[in-house]
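Visitor: okay, sequence plus prediction incoming.
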Amino acid sequence: MIDTLMSPIDSLFYTKHFLRAGFMSMEPVTGHVKAYVGGPNFSAFQYDMVSTGRRQIGSTIKPFLYTYAMEEGFTPCDQLLNEQPTIYDELGRPWTPRNSGSARVGEMVDLRWALTNSNNWISARLMSQLSPATLARNMHNFGITNKLDPVIALCLGPCDVSVKEMVTAYSAFANKGMRVDPVFVTAIADNNGNIISEFTPRHTEVISTDAYYKILSILLNVVDGGTGNRLRRPPYNLTAQMGGKTGTTNSNSDGWFMGFTPQLVSGTWVGGEERYIHFNGMAMGQGASMALPIYGKFMQKVYADPTLPYKQDAKFTFPANVNLCEKEYYGEFADEQEETGESIEGVFD
């Protein structure tokens, strides 16, 4: 902090150019919150971007869509045509979503590849075969409390959600389909040490067993060979088994990364104070560039601290007879894809 003189407009520009951020991490089984950072500097930015602030979530919504699809009988190996669709809503309005990558255009691609590479066209085609109203209802079951418009474009994440709600929702992917609500205080005692009240984790089953292992296998692949693959490379070099999902919104205004291991589920958002503050290109403006580094550095520090109980050798366990794609899979995922950048979200005009 320095004491200086600036014109009002220069002061405004200076303040607005800082990126805001929110980060939260908790244990997916107990719900105990282990890290909570509401912004870059409380003395300068006294606004909580974890619980209070809500921003568009972009492609981090897609695991909810794909989970819904798996509940309806789809499998990670089901294929759809990777071409730009035009979809009509119940009022007859056309919607043509955009997509950033050009890989495998015109080919039949499976759902594992589509979510691993955050393909918008496949998400839109999937949504056209499902119900936006049911997707919204399922997301509320995951712990998202804000209003969700049941429109086709919901599948690309134009809705506003808080970091805390997203971490709560993603806890189901790390806890066998059981969502756990955050626990900030475990007990309250008086000045004599007498326990006045105790708080225990509250779990809600939101994913069936069959759908859980299908979606988990894909989300692990996002980190191993998809848009979250930077975590496997320098400067992070994380070897722990982890799943995740990147998210980027229109004009690169919001960058998200949701990551989870068997022991921790975390979420981070990065963006300007206003939505018109954004990066001009995908190289710096995608979630893998804005938000993923915060998660990567956090997990590096977690695993480097021997006093913490979190280890990189913790594993998710798959049943021996699990059937993901009409045949048994365990630890066998799609070939690694080059990271082509996060998708551009399309909305109704």
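Guide: Structure's in. What do you need?

Visitor: would you mind confirming that N221 is in contact with L111?
Guide: No - contact criterion CB atoms under 8 Å: N221 and L111 do not qualify, at 11.0 Å. For every residue, glycine as well, the C-beta is placed using N, CA and C.

Visitor: in the protein, spot the helix with the most residues.
Guide: Looking across the chain with DSSP state H, the single longest helix is helix 209-225.

Visitor: now the element after that helix, going C-ward?
Guide: Per DSSP states H and E, the first helix or strand lying C-terminal to helix 209-225 is strand 243-248.

Visitor: summarise which helices and strands that next one is packed against.
Guide: Applying 3 or more CB pairs under 8 Å, 6 or more residues apart in numbering; DSSP states H and E, one finds that strand 243-248 makes contact with helix 209-225, strand 254-260, helix 287-290.

Visitor: pull out the buried positions in the first one.
Guide: Going by neighbour count (16 or more other CB atoms under 10 Å), the buried part of helix 209-225 is 211-225.

Visitor: and Y310, which of the three is it?
Guide: Recorded secondary structure, Y310: coil (DSSP: H, G, I helix; E, B strand; the rest coil).

Visitor: next, the closest residue to it other than its chain neighbours: secondary structure please.
Guide: Spatial nearest neighbour of Y310, chain neighbours left out: Q263 (4.8 Å); criterion: CB to CB, 6 or more residues apart in numbering. Of the three states, Q263 takes coil under three-state DSSP.

Visitor: pLDDT at Q263, what is it?
Guide: Per-residue pLDDT puts Q263 at 98.

Visitor: list the contacts for K315?
Guide: Residues near K315 by CB atoms under 8 Å, 6 or more residues apart in numbering: Q241, P262.

Visitor: from G226, how far out is it?
Guide: Distance of K315 to G226, given as CB to CB, to the nearest Å: 19 Å.

Visitor: rewinding a little: which single one of the buried residues of helix 209-225 is nearest to I2?
Guide: Nearest to I2 among the buried residues of helix 209-225, counting by CB to CB, is V223 at 41.0 Å.

Visitor: my guess is N82 contacts N120, does it?
Guide: No - N82 is not in contact with N120 according to CB under 8 Å; the separation is 10.3 Å.

Visitor: ranges for the helices of this structure?
Guide: Counting by DSSP H, one finds helices in the chain at the ranges 8-16, 62-71, 111-116, 120-128, 132-141, 163-174, 209-225, 282-285, 287-290, 292-304.

Visitor: any idea of the angle the fourth one forms with helix 132-141?
Guide: Just to be clear, that refers to helix 120-128. Using axes from the mean of the first three to the mean of the last three CA atoms, to 10 degrees, the inter-axis angle of helix 120-128 relative to helix 132-141 is 100 degrees.

Visitor: any buried residues in helix 120-128, and which?
Guide: N120, W121, I122, S123, A124, R125, L126, M127, S128.

Visitor: now F18, nearest residue through space, not along the chain?
Guide: Per CB to CB, 6+ apart, closest to F18 is P40, 6.6 Å.

Visitor: tell me how many other residues surround the one you found.
Guide: 14 (other CB atoms under 10 Å).

Visitor: when you give positions from now on, start the count at 58
Guide: Shifting the count to begin at 58 puts that one at P97.

Visitor: if I look at it, how far off is F80?
Guide: Counting by CB to CB - P97 and F80 are separated by 10 Å.

Visitor: again with T261
Guide: 24 Å.

Visitor: comparing those two, which residue is more hemmed in?
Guide: F80 (23 against 15).

Visitor: how many residues are close by the nearest residue to D247 once chain neighbours are set aside?
Guide: The shortest distance from D247 to any non-neighbouring residue, by CB to CB, 6+ apart, is to I253 (5.9 Å). I253 has 8 neighbouring residues, counting by other CB under 10 Å.

Visitor: and I253, what does it touch?
Guide: Contacts for I253 (CB under 8 Å, 6+ apart) come out as I245, A246, D247.

Visitor: ok now stretch 130-149, how far from the chain's centre?
Guide: Relative to the chain's own centre, stretch 130-149 is displaced by 21 Å; criterion: CA atoms, centre = their mean, to the nearest Å.

Visitor: can you list contacts of it?
Guide: By CB under 8 Å, 6+ apart, the residues outside stretch 130-149 that reach it are 123, 127, 151-156, 161-169, 171, 176, 178-179, 181-185, 208-209, 271, 274-275, 381-383, 405.

Visitor: start to end distance for it?
Guide: 28 Å (CA to CA, to the nearest Å).

Visitor: for H335, give its distance to D67.
Guide: 21 Å.

Visitor: pLDDT weak spots in the stretch 258-406 of the chain?
Guide: For the stretch 258-406 of the chain, the stretches with pLDDT under 70 are 383-406.
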